[in-house]
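> sharing a model that was predicted from the sequence below.
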Amino acid sequence: MAQDYFEYRHTVGFEETNLVGNVYYVNYLRWQGRCRELFLKEKAPDVLADVQDDLKLFTLKVECEFFAEITAFDELSIRMRLSELGQTQLEFTFDYVKVAGDGAETLVARGRQRIACMRGPNTATVPSLIPDALARALEPYAAQARVLAGRAA
């Protein structure tokens, strides 16, 4: 059965923890960004080339809700799904799943990220339509996504 999420696997390191041994909250947000970057690299290389040109993917909002603590050397599966697709903005959800050696999984956190597509030089960026190549690359991860009115299917 095909997965309805893009997965980034991560092993927590000591540098990502505090003195007590818990993971700093900011790392959850870093992992969202890393997951998104790897998605572009692996599933949407044409969009990545567009980003290196003049497309900008601005993060408008991030959030994360925590359910359980994780520590150094925990194995994580960060699972990204598309939750909303509009004309110039999209939204992802992220499940942070701790994967034990025996295959048991525990949801430890859930996050969300809203992105706006923009184009132009830094001094004059304007909203831009989500590239078709990006929308196509996200289709397998959009089973429950809300497609906003005006977005061509």
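Everything's here; your move.

> tell me the buried residues in the longest helix along the chain?
With secondary structure taken from DSSP state H, the chain has its longest helix at helix 25-43. With burial defined by 16 or more other Cβ atoms under 10 Å, the residues of helix 25-43 counted as buried are Asn27, Tyr28, Leu29, Trp31, Gln32, Cys35, Arg36, Leu38, Phe39, Leu40, Lys43. Quick note: C-beta positions are derived from backbone N, CA and C, even for glycine.

> residues making contact with the helix or strand just after that helix?
Note on helix 25-43: by DSSP states H and E, the next helix or strand toward the C-terminus is helix 45-53. Outside of helix 45-53, the residues that reach it under the criterion Cβ atoms under 8 Å, 6 or more residues apart in numbering are Leu40, Lys41, Leu55, Leu57, Pro131, Ala133, Leu134, Ala137.

> which parts of this protein are strands?
Defined through DSSP state E, the strands belonging to the chain, from first to last, are 6-11, 55-66, 75-85, 89-99, 105-119, 126-127, 146-147.

> now these as a markdown table including mean pLDDT and distance to Asn18?
What follows is the strands of the chain, written out as a markdown table (pLDDT from 0 to 100; distance: least, Cβ to Cβ, whole Å):
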| stretch | mean pLDDT | distance to Asn18 |
| --- | --- | --- |
| strand 6-11 | 97 | 18 |
| strand 55-66 | 95 | 14 |
| strand 75-85 | 97 | 17 |
| strand 89-99 | 97 | 17 |
| strand 105-119 | 97 | 16 |
| strand 126-127 | 94 | 39 |
| strand 146-147 | 77 | 37 |
